[in-house]
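Trainee: what's the 3D shape of this:
(2 chains)
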Protein chains: 2
Amino acid sequence: MIKDPEAPAVDAAALRNGMALLAGAVNIVTTNGPGGRQGFTASAVCSVTDSPSTLLVCVRRDSSVGAAFMANRAFCVNTLGPDHNGLARLFGGKTPVETRFAGAQWSTLTTGAPVLEGALVSFDCTTSDFKDVGTHRVIFGTVQAVRAGTATASSVYFNRAFHSVPTSC
Amino acid sequence: MIKDPEAPAVDAAALRNGMALLAGAVNIVTTNGPGGRQGFTASAVCSVTDSPSTLLVCVRRDSSVGAAFMANRAFCVNTLGPDHNGLARLFGGKTPVETRFAGAQWSTLTTGAPVLEGALVSFDCTTSDFKDVGTHRVIFGTVQAVRAGTATASSVYFNRAFHSVPTSC
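Mentor: Residues are numbered from 1 along each chain as shown, chains lettered A, B, ... in the order given. A predicted model of the protein is given here:
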């Protein structure tokens, strides 16, 4: 059998099952400004460097959320504790944006992006750059303000479920 | 007092403390080829998209490890279970490269990058692109092969310590 050169190198199901084993913190990433208020749940968030203080977020390019993030040039990464798993589901589904935000209390720091009350930690960022990769856009942000909350555990998404990881071992 | 426009927006200690609260899977990222065999421990690993199957790794630009990764144009992300926390420390320190690799058993899949025996999951990648951000380089890889192992938990780095997260809740 001749292999189709356009065919993916890896079986899609095997890849998805493998990716599900790459644990990640659960975050609600928000934005507000000329492009409107938006927010979504993301585990594809990563710290890049502290010089200059930068983190990245991956978002679908064809989503309305993605368009708002580009228009507003700012976002806030709110890292969640286990008490916010319900909110993570709300921001991860098809729920209208106003209903999503009605599910919690929000404030702001520097950029105006919604900062979740009770988050484990929030990183308020201005967008510094982006890079398109296939279906997704990797958005880089410079941290303008950081606020640590009072949660005593992190919610971690691993093997298609939420897990609680305490701040002490 | 007039603020220095070159000054970081956020206090460095506050940023580091905040970043420490962003939980991440513990991975040993390896490479082999014309640039030599290298490997380092990284929690700054993130899945980007499954179309085309892509993940990213952040690495210091000025490191010898980074140079090898660029020369070899391939790498393997080995996601660790708690049994490999000692190995993660070995690959996260100043230990010479041969001593690092002597601490475990390795095989290969498609690219020739070292694949850790007993890893929770390994993603064997060809380098598709990169982007420099401050002190670091974000390296994007197309997954060429994936292998899930037999570990029953993930090692997660959170609040400056290793934590074990089981595959079942």
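Trainee: Show the pLDDT at the spatially most central residue of chain A.
Mentor: A centroid search over chain A (CA atoms, centre = their mean) returns A:Ala42, at 3.2 Å, as the residue closest to the centre. Per-residue confidence (pLDDT) for A:Ala42: 96.
Trainee: The helix or strand hosting A:Phe75: partners in the sheet, and parallel or antiparallel?
Mentor: When secondary structure is defined by DSSP states H and E, A:Phe75 falls within strand A:74-79. Next to strand A:74-79 in the sheet, as set by DSSP bridges, lie strand A:27-31 (antiparallel), strand A:121-133 (antiparallel).
Trainee: buried set for the next helix or strand after that strand?
Mentor: Scanning forward in sequence from strand A:74-79 by DSSP H and E, the next helix or strand is helix A:85-92. By neighbour count, and taking 16 or more other CB atoms under 10 Å in any protein chain shown as the criterion, the buried residues in helix A:85-92 are A:Asn85, A:Leu87, A:Ala88, A:Leu90, A:Phe91, A:Gly92. Backbone N, C-alpha and C define where each C-beta goes, glycine included.
Trainee: Contacts for helix A:85-92 next, please.
Mentor: The set of residues that contact helix A:85-92 without belonging to it, under CB atoms under 8 Å, 6 or more residues apart in numbering or on different chains, is A:26, A:28, A:39-41, A:80, A:99-100, A:103-104, A:116, A:155, A:162.
Trainee: tell me the angle of it relative to strand A:74-79?
Mentor: Going by axes from the mean of the first three to the mean of the last three CA atoms, to 10 degrees, helix A:85-92 is angled at 150 degrees with respect to strand A:74-79.
Trainee: what pLDDT, on average, does helix A:85-92 get?
Mentor: In this model, helix A:85-92 carries a mean pLDDT of 97.
Trainee: After it, which helix or strand is next? Please name it.
Mentor: Beyond helix A:85-92 in the direction of the C-terminus, DSSP H and E gives the next helix or strand as helix A:97-101.
Trainee: Show me the shaky parts of chain A.
Mentor: A:1-8, A:169 (pLDDT under 70).
Trainee: Do a quick rundown of the helices in it.
Mentor: Taking DSSP state H to define them, one finds helices in chain A at A:12-19, A:64-72, A:85-92, A:97-101.
Trainee: Ok, which of these comes nearest A:Thr142?
Mentor: Closest of the helices of chain A to A:Thr142 is helix A:64-72, at 14.3 Å (criterion: CB to CB).
Trainee: is chain B contacted by that closest one?
Mentor: No. Judged by CB under 8 Å from any CB of the partner chain, helix A:64-72 makes no contact with chain B; its nearest approach is 12.5 Å.
Trainee: if I pick A:Phe40, what's in contact with it?
Mentor: Contact criterion CB under 8 Å, 6+ apart gives A:Ile28, A:Val29, A:Val59, A:Ser63, A:Val65, A:Phe91, A:Gly92 as the residues in contact with A:Phe40.
Trainee: Give the bridge partners for it, please.
Mentor: The residues that A:Phe40 bridges to, once DSSP bridges is applied, are A:Val29.
Trainee: And A:Pro166, by the same measure?
Mentor: With DSSP bridges as the criterion, A:Pro166 is bridged to A:Ala153.
Trainee: wouldn't it be in contact with A:Val156 here?
Mentor: No. In this structure, A:Pro166 is not within contact of A:Val156 by CB atoms under 8 Å, at 10.9 Å.
Trainee: And those two? Which one has more around it.
Mentor: When A:Pro166 and A:Val156 are compared on other CB atoms under 10 Å in any protein chain shown, the one with more neighbours turns out to be A:Val156, at 25 against 14.
Trainee: Could you pull up the residues touching A:Arg147?
Mentor: A:Leu109, A:Val115, A:Ala119, A:Val121, A:Ser122, A:Asp124, B:Gly18.
Trainee: just to revisit the earlier point, for B:Asn72, find the nearest of the helices of chain A.
Mentor: Using CB to CB as the criterion, the shortest distance between B:Asn72 and the helices of chain A is 21.6 Å, found for helix A:12-19.
Trainee: close to chain B, is that closest one?
Mentor: Yes. Contact between helix A:12-19 and chain B is present through A:Ala12, A:Ala14, A:Leu15, A:Arg16, A:Asn17, A:Gly18, A:Met19 (criterion: CB under 8 Å from any CB).
Trainee: so the first one makes contact with B:Thr49?
Mentor: No. Here A:Ala12 does not reach B:Thr49: they are 11.9 Å apart, not a contact under CB under 8 Å.
Trainee: neighbour-wise, which of these two wins?
Mentor: More neighbours surround B:Thr49 than the other of A:Ala12 and B:Thr49, with 21 against 11 (other CB under 10 Å).
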